[in-house]
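J.: Here is the input, now give the coordinates:
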Amino acid sequence: MSNLKTIGLSVLLSLPVAAYGLEQSVEPDQVPTKKQTTLGYYLTPSEAHDALEQTPEIVFIDVRDPKEATFVGLPDSVDAVVPLMTVADEFLPDKGKYAMTPNPAFLDQVAGIVEREGRGKDEILFVICQSGGRTAKAVNALAKAGYSKVYALFEGIEGDLNKETGHRDLNGWKNAGLPWGYTMTETQAWQPKE
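T.: Sure, this is the predicted structure:
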């Protein structure tokens with residue numbers, strides 16, 4: 001009986017998100033160009049949260065710098081923080097922010113998390129960042145590495161910048177009222193040597 005449950009779960013996890021009773025409500029042409037991915041799979045935070053509630057085995061990766069995740073917070077259901085880029089010590093006065101340095105081990109570290117969670121490259125993976133830009137870059141890198149069902153949470157954890165208020169209060173995981181916090185577990189924390 002347990003083998004049947006395992007086989008059933010394996011089949012379920014290899015199906016598109018619609019198989020979880022959830023349709024992708026966002027058409028690729030509705031996604032801003034800088035947030036579009038080569039795979040074209042997009043979810044709102046609420047859609048992703050619903051899918052994770054139904055099937056917590058879906059691997060969920062936060063690709064922000066771990067310090068950013070610590071101070072800004074992260075979704076409770078994130079399996080791990082694996083930064084696409086980390087914040088460097090170099091301040092860029094013309095941009096008003098610090099430079100970002102690529103994480104050369106990003107793909108290997110994601111592969112380690114996917115393996116740790118007992119999943120594979122052909123199974124669903126959710127990716128999130130602050131507001132969707134790094135998510136798109138991460139999804140494209142993962143697609144190039146052979147991952148075939150990577151969904152971009154294109155609104156991110158904080159959402160888009162509201163030009164009227166100067167705050168990120170338009171959309172995103174936090175603004176949708178979904179569960180998040182400032183504390184991460186040891187398994188969620190970035191392990192740069194994995």
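
J.: next structured bit after the helix or strand of the chain with the lowest mean pLDDT?
T.: The element with the least model confidence among the helices and strands of the chain, by mean pLDDT, DSSP states H and E, is helix 2-13, at a mean of 40. Secondary structure here is assigned by DSSP states H and E; on that basis, the next helix or strand after helix 2-13 toward the C-terminus is helix 45-54.

J.: Please name every helix or strand in contact with that following helix.
T.: Other elements packing on helix 45-54 under the criterion 3 or more CB pairs under 8 Å, 6 or more residues apart in numbering; DSSP states H and E are strand 125-128. Yep, even glycine has a C-beta here, placed from its N, CA and C like the rest.

J.: Restricting to C-alpha, output the strand it packs on in CSV.
T.: Taking Å, rounded to 0.1, in the frame of the first residue of the first chain, the C-alpha atoms of strand 125-128 are listed here in CSV:
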residue,chain,number,x,y,z
LEU,A,125,10.3,24.0,-8.5
PHE,A,126,9.1,27.4,-7.2
VAL,A,127,11.5,30.4,-7.2
ILE,A,128,11.1,33.7,-5.4
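
J.: quick one, what contacts the spatially most central residue of the chain?
T.: In the chain, the C-alpha closest to the average C-alpha coordinate belongs to V127, at a distance of 1.7 Å (CA atoms, centre = their mean). When contacts are counted by CB atoms under 8 Å, 6 or more residues apart in numbering, V127 touches 60-61, 63, 135, 138-139, 142, 150-153.

J.: Q109: which of these is nearest?
T.: Distance to Q109, by CB to CB, is smallest for I61 among the contacts of V127, at 9.3 Å.

J.: wait, doesn't the closest one sit right on A80?
T.: Yes - between I61 and A80 there is a contact under CB atoms under 8 Å: 6.0 Å.

J.: What distance do you get for the closest residue to R119 other than its chain neighbours to Y151?
T.: Take R119 and drop its neighbours on the chain: the residue closest to it by CB to CB, 6 or more residues apart in numbering is V59, 5.2 Å away. The spacing between V59 and Y151, counted by CB to CB, to the nearest Å, is 11 Å.
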